[in-house]
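Asks: sequence unknown, structure follows:
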């Protein structure tokens, strides 16, 4: 029996099963929860220290797959990533508010580091921190 396709209006993507579409629905509360998890993961990845738990998080996010996971999480927060290598000098990661036009004037956050994952970690951290500063806390009156 073939799986029925259901159009997910909230993302514009197709899902193979209605249950998976329902699970992936993006609401303000799920978006806030995802942002909190992303901030926590980045915060632990950026901490100095030798604790096994910190090494575990760093080893998870300090790979090309880790860059992909962070990029996916940032895309859900409406950011695009530009990652550029400059010979042996290092990497620049720049996050922009999602859209067609990107320029230096509308860059949300940028970081220059020796490795691509460090550049992505720091730029994502900065972008989320700026969003946090500009967004009022919903819990306060």
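Replies: Structure received. What you see is a predicted model, and the numbers here were worked out from it, not measured in a lab.
Asks: mind checking the SS state of residue 73?
Replies: Put simply, residue 73 is helix when judged by DSSP: H, G, I helix; E, B strand; the rest coil.
Asks: can you pull the contacts of the residue nearest to the spatial centre of the chain?
Replies: Residue closest to the average C-alpha location in the chain (CA atoms, centre = their mean): residue 74, at 2.5 Å. Residue 74 sits next to 38, 81, 95, 124, 127 when contact means CB atoms under 8 Å, 6 or more residues apart in numbering. From N, CA and C alone the C-beta is placed, and that goes for glycine too.
Asks: relative to residue 31, how far out is it?
Replies: According to CB to CB, to the nearest Å, residue 74 stands 12 Å off from residue 31.
Asks: so where's the protein shaky on pLDDT?
Replies: For the chain, applying pLDDT under 70 flags the ranges 1-25, 100, 104-107, 135-141.
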